[in-house]
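# the sequence and its predicted three-dimensional model are supplied below.
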Amino acid sequence: MESIQHKIQGLSPQNDAQRWLKSTALQISHDIATARWLVLQQLSSSIQWPFLAILVFWLVTIFTSFGLFAPRNGTVIATLLVAALSVAGSIFLILEMDQPYGGYIKISGAPTRRSPPNCPASNANQAINDGVSIACRSGLKIPRRLPI
């Protein structure tokens, strides 16, 4: 990505339209590089495993003490079972949502691989039209008119 940015910076625009295209291309390449780093950072887990181990140990201790000191009947056992399952489910959801690109619950990568069906029309000169058609094929949003 940096090599593309260096090549874009090496361009020498001749008119306002080309200068706008160059600045737009640099901004888009910067946005793509930023998004790439964010995706790479999200691939690793942000949950500290020692914290999770201490949390599970603490919950096991609490539920064990509830089980030891509660009377033995069906209502207490059912209530403890439902509470333990809800706590286990919440820990499972926290772990699943920590890694959005893997696991049982994950984000689809399909939207990033397809282009939008409608691209904006431009009434500027041919250089702008070429830039808009390239941007539409790559799925980027380009304004309809040049900024003044």
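Noted; the coordinates are in hand. Just so you know, these numbers come straight off a predicted model, no measurement behind them.
# going by C-alpha atoms from here, please, whenever you check contacts or count neighbours.
Fine.
# separation between Gln18 and Ala25?
Distance of Gln18 to Ala25, given as Cα to Cα, to the nearest Å: 10 Å.
# equivalent analysis for Gly67, please.
64 Å.
# of the two, which one has the most company?
Ala25 (18 against 14; other Cα atoms under 10 Å).
# pull out the buried residues from the longest helix anywhere in the chain.
Counting residues, the longest helix in the chain under DSSP state H turns out to be helix 16-42. The neighbour-count check on helix 16-42 (16 or more other Cα atoms under 10 Å) flags Gln18, Leu21, Lys22, Ala25, Leu26, Ile28, Ser29 as buried.
# next SSE after it?
Counting by DSSP states H and E, the element after helix 16-42 in chain order, helix or strand, is helix 49-69.
# report the residue ranges of every domain in this structure.
49-98, 115-148 (automatic domain parsing).
# for the nearest residue to Ser108 once chain neighbours are set aside, give me phi and psi.
Take Ser108 and drop its neighbours on the chain: the residue closest to it by Cα to Cα, 6 or more residues apart in numbering is Tyr101, 7.5 Å away. Backbone torsions of Tyr101, given as degrees, to the nearest 10, read phi -100, psi 10.
# tabulate the CA atom coordinates of stretch 84-98 in CSV.
In CSV, the C-alpha atoms belonging to stretch 84-98 read as follows (Å, rounded to 0.1, in the frame of the first residue of the first chain):
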residue,chain,number,x,y,z
ALA,A,84,-24.8,-21.2,35.6
LEU,A,85,-25.9,-21.6,32.0
SER,A,86,-26.6,-17.9,31.7
VAL,A,87,-23.2,-17.0,33.0
ALA,A,88,-21.5,-19.6,30.7
GLY,A,89,-23.5,-18.2,27.8
SER,A,90,-22.5,-14.7,28.5
ILE,A,91,-18.8,-15.6,28.7
PHE,A,92,-19.2,-17.6,25.4
LEU,A,93,-20.8,-14.5,23.7
ILE,A,94,-18.0,-12.2,25.0
LEU,A,95,-15.4,-14.6,23.6
GLU,A,96,-17.2,-14.9,20.3
MET,A,97,-17.7,-11.2,19.8
ASP,A,98,-14.0,-10.5,20.6
